[in-house]
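> I would like to see how this sequence folds:
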Amino acid sequence: MASDKDNTANISLIEDFRPRLRKLIEVEFVLDHLNFLDNDNKDLIRTKARKESNLKAVDQLIDTIIRIRPLPNGWFREFVDALSAGGCKHAAIYVQDSPPCPALEAENDNCVRLIELLSPSLLEMKTTDVCLDCFARGILTPEDREIILAECKNRGNMGGARELLRRIVRFPPGWFSIFLKALQVTEHPDLFKELTGESPGDNLIEPMENGPPKAVIVLRDYQMAVARPALEGKNIIICLPTGSGKTRVAVYITKEHLDSRRKEGRPGKVVVLVNKVPLVEQHYSTEFWKFLKNKYKVERVSGDSQLKISFTDIVQKNDIIICTAQILENYLERAHSGDDDGIKLSDLSLIVIDECHHTQKGGVYNHIMIRYLKQKHKNAKLKKEQKDTMAIPQILGLTASPGVGGAKKIEKAEEHILRICANLDAYKIMTGNLGENKKEPHKKIATAEERKEDPFGDVIKGIMNAIHIHAELNPTCDLGTQNYEQWVVQKEQNAAKEENQKVRVCAEHLRQYNEALYLGKTIRMWDAFSFLDKYFDEELKKKVAPEDEEAIIKTDTERFLFTLFKDSKVKLQELAKLPQFENNSLAKLRTKILHEFTSREKARGIIFTKTRRSAIALAQWVQENSKFEEVGVKACHVIGGGGQSVVKPMTAAEQRDVLNKFQNAEINLLIATTVAEEGLDIAACNFVIRYELVTNEIAMIQARGRGRAEDSSYTLVAGEGSGVAERESVNEYREKMMSKAIDKVKKLDQEEYEKRIKEFQIQAIMEERVRTTKKKQKGMKKESPSKVKFSCRSCNKPVCSGEDVEIIENMHRVNVTPQFKELFIQRENTSLVKRLLDYETNGFIACKDCGQRWGSMMLYRGIECPCLHVKNFLVMYDEKRKNINKWSELGIQLPAFDYAEHARSVAESSEDEESM
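Okay, here's the model as predicted:
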């Protein structure tokens, strides 16, 4: 008979391992073998699993067991047996207080995480074959097999694969190597390679007893040559072409750095900095974690992460941390300000900076390196005074192209390279001779004739000229150009300040027509028409008040503009359907894509374009064209994740999903904005097209570098007279100048090199001091919020004072006053939905009088908070009207949001309503 003491110990054991048991127990099968629970409790637990989740059901199972009094004799043995009989042997091991050793437990956790990370690819397995093999090898129970095969039948192969992956990870350590064997036997070499980093049977894999294979890092001769100074502890910049393995070299240097410090008995801490959120996950899963997980703790953090512990704790508990640069800068600043929850440079032993050519004035990389340079020069002074110095980390910079910084002469290009070396405190810039490993794509320029007739564009220009006459505007540049865009934006801003609503509204509409002209020139006329139609549909919706609200007034100018489009809509719609007037650049692009997909056995390519809207439109054009489908084109767009554009951005998860599909050949044509040019690890392509797009020499080199496969091509498609081809020639010249400048820097005498580097570093430190002083002076001059007044940008209605605005988490400016609530209407906007740990947004607020958007409605910890976007207001400051695009431009100190006070106020008003 078990004593109360034994029962208490066993319950304590279950509670201690609850986090593990939640992941390892499948309640449906375990309940069948638990006789000491009554049927009512079992039914409640099964309902919880069915309606909520298995995790919640496990919690209820454990809570139910703990609540039973008295516990029947033999209950604990029955619980352990039920876990084993229900296919949860790993859970049974924990309950019996026999968990695997910490190293084996960590290995198993790594295996589970690897399966989770690569699940999008693994869902493509031949599920029935793998299921039967796994069952034969003992990592699936008969019940597992039955359920997986039923899922395949009812929900398809991917549904079954998802169920299989969910079930194999519940088995005790050792399941991973068995699963790999099953993949090998069922002929899944690609999946095997993705999980291990090598092909089945490759001799670079060291099998481990109970964990995943250990991938060995093997560098090519040119990679080892560029790494050598870093292996000696020196700061360097590695400059190698895109696709030549810079990140793999960094992984190798990281490993050797930590190994050597461990041998010497010194702590090692490596931070890998990236400048884009998607790169965090990429470097983590495909490089650093993949190769170093068996020896070191690797973690990743970005703005998208929702970790329960602070960044400081993550740094303390891990050996390698991959993060966005801004996160490290924030915590360095905390330490500088005296906050205990900060990070010091002395806490780190190596910083790896990806895409290090961004280490220039104003960039976050440079802010971090200025801190480093200050400490380095301070250390030199302390050393002279024979005082203790502060440790600073080794620096490793990675880039495919440092560029020339807009230089027109070789001397200035050389100076640009030296400044980057100085900013990174580089001992040398290392370039490699790739020899036979070098892959240069064949370059072509496809020039399209200017179209002879453009009746669609002529109608739009006619509308724009009518607006010019109505608003008494005289444009100084051609319609449909970047210069016109800049001119009309300036007119809109000036009109807002002068409260000239007629010109302001006309300028807004002219900007949209200008965008439509650009779309009509580069994509289809239908895309331009759809864009305008959607814009006017949204504008009309703004003028429709919600139920129980007063009608929103339209001004005479707004009526004129709506009528102008309405009168031309049918004509535009008809012209947009006529193929003979389509632009010739699109015809050239069509010919190029068809050529690539008919002349290659397996074509895979990327088209780079200028805007998010054009990327989406091009993808739709390809998907809707039957000719492309006939030759096997499977297209999708990938765009950036920033929120500055009116086009809904892609999340990091959405970007990863598209890139995974491209990797697995579910997609073979990517249409991308410049987000895909730099850094993102995109599968080897055999053709790259830049469509009506030229930026600078860095972007050109990055884009061209995406053509990594043998016999790849790089094509620029440009309209005649657009200037695109000419700018590409300038970039080619700058690329040659850059190579010469790097060679000149490398040939400098080391003493001369270090002298020039030191001069640039002292200059950078002095400039930073001047900027810091100005910033402090500006902060001291911050005015009282009462001196700032906000009015609606559209109708000039007074809205609120700066005194009414509070700030949440140093980021969101909100106005929760009752007076403000009377001035706006609230609308739902499903594309705006954003949920984070403490707040969510799911709608926008707009002026009750004119429908102008003012911001979003945010639910912050249960309180509705109207969040103001300052660009939607006209700001009166120092008796002057100002156009403010960012809150940081406003020199006032806003009070912090008092959550406790507002929560109490909300609670009191709720009580008043209930008592009425």
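> which element follows the helix or strand containing Ile742 toward the C-terminus?
Per DSSP states H and E, Ile742 falls inside helix 724-747. For helix 724-747, the following helix or strand on the C-terminal side (DSSP H and E) is helix 750-780.
> and that following helix, what does it pack onto?
Under the contact definition 3 or more Cβ pairs under 8 Å, 6 or more residues apart in numbering; DSSP states H and E, helix 750-780 sits against helix 364-384, helix 410-423. Any C-beta I mention is one placed from the backbone N, CA and C, and that applies to glycine too.
> Out of those, which gets nearest to Gly174?
helix 364-384 (43.4 Å; Cβ to Cβ).
> Let me know the distance separating the closest residue to Leu24 other than its chain neighbours from Pro172.
Nearest-residue entry for Leu24: Ala91, 3.9 Å, with adjacent residues in sequence omitted and distances by Cβ to Cβ, 6 or more residues apart in numbering. From Ala91 over to Pro172 the distance is 9 Å, taken as Cβ to Cβ, to the nearest Å.
> Those two: which has the busier surroundings?
Ala91 (27 against 17; other Cβ atoms under 10 Å).
> list the buried ones in the helix or strand containing that one?
Taking DSSP H and E as the definition, one finds Ala91 inside helix 89-95. By 16 or more other Cβ atoms under 10 Å, the buried positions in helix 89-95 come out as 90-95.
> so which of those residues would you say is closest to Ala652?
Nearest to Ala652, judged by Cβ to Cβ, of the buried residues of helix 89-95 is His90 at 31.7 Å.
> What residue spans form the domains of the protein?
1-95, 102-196, 221-435, 442-448+583-742, 455-581, 785-913 (the TED database).
> Out of those domains, flag the one nearest Arg769.
Arg769 lies closest to domain 221-435 among the domains of the chain, at 9.1 Å (Cβ to Cβ).
> Tell me the gap between that closest one and the middle of its chain.
Mean-position distance between domain 221-435 and its chain equals 20 Å (Cα atoms, centre = their mean, to the nearest Å).
> what do you get for stretch 445-457?
Centre-to-centre, stretch 445-457 and its host chain are 36 Å apart (Cα atoms, centre = their mean).
> I'd like the average pLDDT over that stretch.
Across stretch 445-457, the average pLDDT comes to 83.
> Please list the residues outside that stretch that contact it.
480, 517, 520-521, 525, 528-529, 572, 575-576, 581-585, 587-588, 591-592, 715-721, 725, 728 (Cβ atoms under 8 Å, 6 or more residues apart in numbering).
> List buried residues within those residues.
Buried members of the contacts of stretch 445-457, counted by 16+ other Cβ under 10 Å: 480, 517, 520-521, 525, 528-529, 572, 575-576, 581-585, 588, 592, 715-719, 725, 728.
> In strands, which of those residues appear?
Counted as lying in strands by DSSP state E, out of the buried ones among the contacts of stretch 445-457, are 715-719.
> so where is the stretch 301-450 of the chain shaky, pLDDT-wise?
303-309, 433-443 (pLDDT under 70).
> so where do the strands sit in it?
320-324, 350-353, 394-399, 428-431, 442-448 (DSSP state E, counting those that start in this stretch).
> Same list (those) but as JSON lines, adding distance to Gln512 and mean neighbour count.
Formatted as JSON lines, those follow (distance: least, Cβ to Cβ, whole Å; neighbours: other Cβ atoms under 10 Å):
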{"stretch": "strand 320-324", "distance to Gln512": "34", "mean neighbour count": "25"}
{"stretch": "strand 350-353", "distance to Gln512": "40", "mean neighbour count": "26"}
{"stretch": "strand 394-399", "distance to Gln512": "39", "mean neighbour count": "25"}
{"stretch": "strand 428-431", "distance to Gln512": "46", "mean neighbour count": "20"}
{"stretch": "strand 442-448", "distance to Gln512": "26", "mean neighbour count": "15"}
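> Ok, which of these comes nearest Val816?
Val816 sits nearest to strand 320-324 of all the strands of the stretch 301-450 of the chain, at 31.3 Å, using Cβ to Cβ.
> what's next to that closest one, contact-wise?
So strand 320-324 is contacted by 254, 258, 269-277, 280, 283-284, 288, 292, 296-303, 311, 314-315 (Cβ under 8 Å, 6+ apart).
> Quick one: the domains of the chain as CSV, columns for distance to Glu751 too.
Converted to CSV, these look like this (distance: least, Cβ to Cβ, whole Å):
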stretch, distance to Glu751
domain 1-95, 59
domain 102-196, 48
domain 221-435, 13
domain 442-448+583-742, 19
domain 455-581, 47
domain 785-913, 43
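> quick revisit: pick the one among the ones in strands among the buried ones among the contacts of stretch 445-457 closest to Asp533.
Distances from Asp533 to those, taken by Cβ to Cβ, are shortest for Gly719, at 25.0 Å.
> Could you pull up the contacting residues of the closest one?
Contact analysis of Gly719 by Cβ under 8 Å, 6+ apart lists 447-448, 450, 521-522, 583-585, 692.
> to the chain's geometric centre, what's the distance from the next helix or strand after the helix holding Ala91?
Using DSSP H and E, the helix or strand that follows helix 89-95 in sequence is helix 102-117. Distance of helix 102-117 from its chain centroid, counting by Cα atoms, centre = their mean, is 25 Å.
> Which other helices and strands does helix 102-117 contact?
Going by 3+ Cβ pairs under 8 Å, 6+ apart, helix 102-117 lies up against helix 175-185.
> Any buried residues in the helix it packs on, and which?
For helix 175-185, by 16+ other Cβ under 10 Å, it's 175-180, 182-184.
> With stretch 128-147 instead?
128, 130-135, 139-141, 144-145, 147.
> Stretch 751-763 too?
753, 756-757, 760-761.
> Kindly present those as JSON lines, with separate columns for pLDDT and distance to Glu124.
Output for the buried residues of stretch 751-763, formatted as JSON lines (pLDDT from 0 to 100; distance: Cβ to Cβ, whole Å):
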{"residue": "Tyr753", "pLDDT": "93", "distance to Glu124": "52"}
{"residue": "Arg756", "pLDDT": "93", "distance to Glu124": "54"}
{"residue": "Ile757", "pLDDT": "92", "distance to Glu124": "51"}
{"residue": "Phe760", "pLDDT": "91", "distance to Glu124": "51"}
{"residue": "Gln761", "pLDDT": "91", "distance to Glu124": "52"}
